[in-house]
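**Student:** coords below, sequence missing:
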């Protein structure tokens, strides 16, 4: 009898382990009353908003740069990047510092968001493909959509969040 119980427990543990392997964790945040998520493994840190050093001739979405323990980190206002209404920063406004992989190299940049929400474990099977907007809307940076507690969460592909020309513009002004 004990053998059967042990086998059943091990079977459930294996199933749980497989379920974990078929899911990913996302840091979710709010922006203009919508929920977004980024792969938690790409998040380096979360920090409260502090003023940044503005860069002349920078693209409008580039708020400036921040010295983060000796590393110069470009800070992108995600509201401006997504063409959303600009608002005044509040005590809940945060910068999420991310690791971006592009052109075979790792870059660090920060995104300004309204507030951090939660860390969610989302099963791969629960992620729906992004809608096809055709050429009307540039949604290449959206990996997919998930519904969590009846709330839609847009999962972002941070490696595609900025187009190559935008990354080059940031590299030029932060070099």
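**Tutor:** Received, thanks. These numbers come from a predicted model, not from an experiment.

**Student:** what's the burial count for residue 56?
**Tutor:** 5 (other Cβ atoms under 10 Å). Just so you know, the C-beta spots here come from the backbone N, C-alpha and C atoms, and that holds for glycine as well.

**Student:** and if you look at the one 10 residues further on?
**Tutor:** Applying the criterion other Cβ under 10 Å, we find 19 residues in the vicinity of residue 66.

**Student:** same check, this time on residue 113
**Tutor:** Burial of residue 113 is recorded as 25 neighbouring residues (other Cβ under 10 Å).

**Student:** in the sheet, who's paired with it?
**Tutor:** Applying DSSP bridges to residue 113 gives these bridge partners: residue 94.

**Student:** quick one: it from residue 103, how far?
**Tutor:** 25 Å (Cβ to Cβ, to the nearest Å).

**Student:** Run through the bridge partners of the residue at minimal distance from the centre of the chain.
**Tutor:** Central residue of the chain (Cα atoms, centre = their mean): residue 38, 2.8 Å from the mean position. Beta-bridge pairing of residue 38 under DSSP bridges involves residue 27.

**Student:** Could you check how far it is from residue 94?
**Tutor:** Residue 38 is 13 Å from residue 94, where distance means Cβ to Cβ.

**Student:** any common contacting residues for these two?
**Tutor:** Common contact partners of residue 38 and residue 94 (Cβ atoms under 8 Å, 6 or more residues apart in numbering): residue 29.

**Student:** before we move on, the earlier item: what's the residue nearest to the centre of the chain in contact with, if anything?
**Tutor:** 26, 27, 29, 96, 98, 155, 156, 158.

**Student:** one more time with 7 Å, if that's ok
**Tutor:** Shown in contact with residue 38 (Cβ atoms under 7 Å, 6 or more residues apart in numbering): 26, 27, 98, 156, 158.

**Student:** Run through the strands of the protein in chain order.
**Tutor:** Remark: strands assigned in the chain by DSSP state E are 23-31, 34-39, 43-48, 62-68, 71-77, 94-102, 105-113, 115-123, 142-148, 151-156.

**Student:** Could you tell me the angle between the fourth one and strand 43-48?
**Tutor:** It stands for strand 62-68. Note on geometry: by axes from the mean of the first three to the mean of the last three Cα atoms, to 10 degrees, strand 62-68 and strand 43-48 are set 100 degrees apart in direction.
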